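Colleague: next comes the sequence, and after it the predicted model I'd like to discuss.
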Amino acid sequence: MNLRFLLALIATISVGITAHSESLVYEGRSGPGVGKHIVFLAGDHEYRSEETLPALARILSAHHGFKCTVLFTVDPESGEIDPTADNLPGTETLGSADLAVVFLRFKNLPANQMQPIVDYLDRAGPVIGLRTATHAFKIPADSAFSQYDYVHKGADYERGFGRQVLGESWSGHYGKNHVMCTRLDIPEESKSHPILRGVTKPWAQSGGYWTEPMDDCKVLAMAQPLNGMSPDSDVAEGKLPCPGVWIRNYDGKDSSKGRVFATTHGASEDILDLDFRRMIINACFWGCGLEDQITSDLSADFVGAYQPSTFQFDGYRRGIKPTDLADLNSPIMSTEKRIVLPASRTAKRKFNANVDSLRRYECPEWFRDAKFGIYLHWGAYSVVERGEWYARKLYEEGSEDYKYHVETYGHPSEFGYKDFIPMWKAENFDPDALLALFKQAGAKYFTPCAVHHDNFDLWDSKHHRWNAVNMGPKKDLIGMWKTATEKAGLRFGVTTHLSRSYSWLNVANQSDIAGPMKGVPYDGASPQGKGLYPPKHGDTHPRAALNPPKAWRDAWARRVKQLIDDYQPDHLYFDCSVPFRGADAGKTGLQVITHLYNNNPDAVMCIKARPWQGLYAPGIATLDYERGKASYILDEPWQTDDSIGSWGYNKDKPYTTADLQTDKLIDIVSKNGNLLLNIPIRADGTLDETATGILKDMGKWLAVNGEGIYGTRPWHEFGEGHTNEIPHFVVKSPFKSKDIRYTTKGEYLYAFVLDWPGKNQPYVEMALLSPGNYRIGKIESVEMLGHDGEIQWEPHPDGLRVFFPEEKPCDFAYCFKIHLPKR
C-alpha cells in the first residue's frame, strides 16, 4: 500500500473513543458495510483476543465500510486492557449491533454488562465465535445468568452459551500449542459456501480443540492436527480430524433465528494466515446478511502494523489502553510495552541452575522485534581518550600506551589506573538528552556497560566500594541511565565485563623487567588500590581468568545479582561465555542467569560462544557474536555487538559511517539477528559531532525504512549477491547494488538493495524471486519505501526485475516492499 493510498484510506475513516474510554470505534464511510454495525467482545487470558479483534475491526472498517466497535475487558482502576478482568464496559452498544464477534473466556461479568449480551441473544442477533468463545462464560450457579455457564447442566440450556448458541461447548485440547498446529481441510460439499470464497488452504498456528457440534451445524472445515508448526508438517499420529469451522442458526426468543459462525481457532498469530483471515472477514459479511457482496478478492490487508505476541497464558502486553489503538497507524500491539507474567505464572516457569533446566529458555518477542540497540563503554579510562584497554595497557611495558603514560602521567608505580578515577567527573552528563538522541536514531533498547574489566562499578554497589557513587562522578550512573531509558520508552539493559577482571587487571601487580624502574612494583601493590586491583597471582590472561578463587567468584555473583535486583534490566550481557573456567565450570554464572530469568521472564541474557572463557552451553541464552560473524540464517535470535569506532572513547580512532552500519544492520536482521551498536562517549558525558551525526543519519534512514526492519523475521533465504559476510572493522562498505537482503512480515517481503545502481543499470534483478522459485506465489505489487509514486516491475526468467525511480528516497540502502500473499 503506497503512502497516497493509505492517506486516502484513512481519510474515509472516522476513529473515535466512545463515552466509555475502554471501548474503541472505527467508523467506516465507504464500502458494502456502510450502515452495518459490528461489535467485538475481547477478553481471553491466553490467545490474545485483544490483538486479533482490533486488527479484524480495522480491516472491516477501513476496507469495507463497517462501523466497528471493539470492547475490551479492562482494569477498572487504570482503564488499561486486562484480558483477565471480569469487566467489559460498553456492552449496551450491542443494542445497535448487526453482528457480535465474541472472543471471551471464562467471564463472570457484572449484571449491567451481562444483561445487554442476553438481550442481544434474545433477539437472535448474529454471532461469530472465535476460539475460546465455546467457553466464554464461567458463572456461579446462584447467578441470574448461570444458564450461560459453559458447563451448565440444566436441560433448558445445557452447556450454556457455547452449546446453545455456537453449537458446541469446550471439550478439551486436541493438539499441543506451540508444538502442533492445525490444517483446516474444506469438505468438497462446503467449498461453494460464500464464506469460503477465495479461501483454499486455511491454516492455524494454534493447536485444536476436540469438538462434536450439534447435529444442525454445517461443517465448513475439518481441523487436522499436524505434528509441527508449518502448514506442510506431517499429520499427527493418532489424531483424526474433527470439526474446526461450522455454521448454524440458533434460537432467540419468540422463535427468532440467528446466524452463527464458529471456529476453534482465532489466536493472534492465526490471523497471519491470509486464508484463515479472509474466512473470518467473509464470515462477518455473511453474518450481516451481505453474502452477495463477498468476492474471492475482498481485501484482507492489515491496516497499520500488526505484530502479534506469541500467545501464552496471561502473556499480554501491559500498559495499553484502547485509546492507544485509535490511530490506524498505531501498532497492534506496541512491542515497547512489556509482557510481564504474574507471580503465579512465573512460579510455573522457575528455572534451576543447570543446563537442562535453562535450555527451556525462549528468547522473548520484544527482543526478536527490536532489532537495534545502543551500547556504550564509559569509565575512568575515558579521561585519557585512548580507549578502554588503556586501563590494562598502561601496565604493559613497551606498549604505546605504556610509553604515553610514562611521558604524560609518570611511571605506573607512581600514577596508576586508580589515579584517573578522581579525574573523571561526568560533569556534562545529560542522560535524557542522550536517550532522546538514541531514540531518534531508531534504537529500541539501550545497554550501557555497568562495569568493565577495570573492576569499577557504575552503580550504587552494596558489595564493592570502588563505585561511581563513592568516587569519581559521585553519581549512580546506571540508575540515571535506567530512568532516562524508561522515560524515552526504550528497553533497558546492562553489560558486565567483570568476570575477566581477576586476570585482566592483575598486570597492575607486575613491574618493569628492564630499564631504570626494573623490579619496582606498579601501583597494584599500593594499599590505596586495595579492592580495585585483584590480589597478586600468577594469571594475567587478557581474555579470561583461568581459575579464579571461590571468594572472587562469589563476590562477582553478589555484585551482578544486586545489579539485577536493583535495576531490573531486560537485557544482560556478560561479554563472555558463562563464568567461570577451571573448577567452577560455569556453576557461578548459571546461578546468576537463573536469578535473572526467575526474576524477569521478559529478560534476555546474551553470552558469547567462547569456551575458553567459561562454560559454553547452546540454548540457555541468546548468543552474541562480536563484530558480526553469521554468514547464514541462524535458527534462534542472536546479537552482534559492534562499534562505530573504538569501544571506549579514543580521539585518534577513526569512525565508520552510517552507511556501513546500516548495511550491517540490514545484513544482521536478514539472518535473524540484532545489532547492538556501541557509541564512544567522552569522559564529561557528551558525544562528539561525528558520533552524533552517525546516529542522526541512521535514524533518518530508519524513519523511512524501519517497516522492513522492526518486527520482521528472516525469509527462506537471507539474500543474494557477492557478499555473505561483513569484513571485520572495514571503513568503506563492500556492498553493491547486486547485494540484496530479505526480511518478511505478514504477507510482505522486504528486499533491501544495498547500493544505488549505476546510470547504465536502471533496474535490479532479484534472482530469488524468479517465476520458477517454488517458495513464492503470485507477486501482487511492489512499492519502494519512502517513494510515493508507482514502481515499475516485471517478472523475468532470471529474476524479478524492479526499476529504480529517478530520485532516491534516502541516502543509502533502498527497500522494496513486495506483496506476496501466502499460499
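Modeller: Nice, I can see it.

Colleague: next up, the contacts around R491.
Modeller: Under the criterion of Cβ atoms under 8 Å, 6 or more residues apart in numbering, the contact partners of R491 comprise 336, 366-367, 370, 373, 444-446, 485, 570-571. Yep, even glycine has a C-beta here, placed from its N, CA and C like the rest.

Colleague: quick check: bridge partners of it?
Modeller: According to DSSP bridges, Y445 are recorded as the beta-bridge partners of R491.

Colleague: repeat that for T744.
Modeller: Partner residues in beta bridges with T744, using DSSP bridges, are R713, L749.

Colleague: read off the pLDDT value for the residue of the chain most remote from its centre.
Modeller: Relative to the centre of the chain, and counting by Cα atoms, centre = their mean, the farthest-placed residue is P516 at 58.8 Å. Note on P516: pLDDT of 96.

Colleague: same check, this time on D476
Modeller: What the model reports for D476 is a pLDDT of 98.

Colleague: so how far is N467 from the nearest residue to it once chain neighbours are set aside?
Modeller: In this structure, D476 finds its nearest non-sequential neighbour in D460, 4.7 Å apart by Cβ to Cβ, 6 or more residues apart in numbering. If you measure D460 against N467 using Cβ to Cβ, to the nearest Å, the figure is 7 Å.

Colleague: picking up where we left off before, mark which of the contacts of R491 are part of helices, please.
Modeller: Judged by DSSP state H, the subset of those located in helices is 366-367, 370, 485.

Colleague: what about K153, neighbour count?
Modeller: A count of nearby residues for K153, using other Cβ atoms under 10 Å, gives 12.

Colleague: and what about it, helix, strand or coil?
Modeller: Per DSSP: H, G, I helix; E, B strand; the rest coil, the local secondary structure of K153 is coil.

Colleague: got it, and Q224?
Modeller: Q224 falls in the strand class when you classify it by three-state DSSP.

Colleague: and which of the contacts of R491 is nearest to H411?
Modeller: Nearest to H411 among the contacts of R491, counting by Cβ to Cβ, is F446 at 38.9 Å.

Colleague: can you report how many residues lie near the closest one?
Modeller: Counted by other Cβ under 10 Å, the residues lying close to F446 total 27.

Colleague: quick check: it touching F492?
Modeller: Yes - contact criterion Cβ atoms under 8 Å: F446 and F492 qualify, at 6.2 Å.

Colleague: okay, and the common contacts of the two?
Modeller: With contacts defined as Cβ under 8 Å, 6+ apart, the residues adjacent to both F446 and F492 are 481, 485.

Colleague: before we move on, back to that, for the residue farthest from the centre of the chain, helix, strand, or coil?
Modeller: Following three-state DSSP, the label given to P516 is coil.

Colleague: over to it: give its phi and psi.
Modeller: According to degrees, to the nearest 10, the main-chain angles of P516 amount to phi -70, psi -20.

Colleague: also Y120?
Modeller: The phi/psi pair for Y120 (degrees, to the nearest 10) reads phi -60, psi -40.

Colleague: the closest residue to it other than its chain neighbours in helix, strand or coil?
Modeller: Among residues not flanking Y120 along the chain, L94 sits closest, at 4.2 Å (Cβ to Cβ, 6+ apart). Here L94 is recorded as helix under three-state DSSP.

Colleague: mind listing what L94 touches?
Modeller: L94 sits in contact with 39, 100, 116-117, 119-120, 125, where contact means Cβ under 8 Å, 6+ apart.

Colleague: quick check, nearest of the ones in helices among the contacts of R491 to Y616?
Modeller: Of all the ones in helices among the contacts of R491, the one sitting nearest Y616 is F367; the distance, using Cβ to Cβ, is 20.5 Å.

Colleague: measure that closest one to E747 for me?
Modeller: Using Cβ to Cβ, one gets 24 Å for the distance from F367 to E747.

Colleague: now swap in E400 and tell me
Modeller: From E400 over to E747 (counting by Cβ to Cβ), the distance is 56 Å.

Colleague: neighbour-wise, which of the two wins?
Modeller: Neighbours per residue, other Cβ under 10 Å: of E400 and E747, the larger number sits with E747, 18 against 10.

Colleague: so how far is K487 from the more buried one?
Modeller: The gap separating E747 from K487 is 36 Å, by Cβ to Cβ.

Colleague: and for L590?
Modeller: L590 is 34 Å from K487, where distance means Cβ to Cβ.

Colleague: sweet, I'm off.
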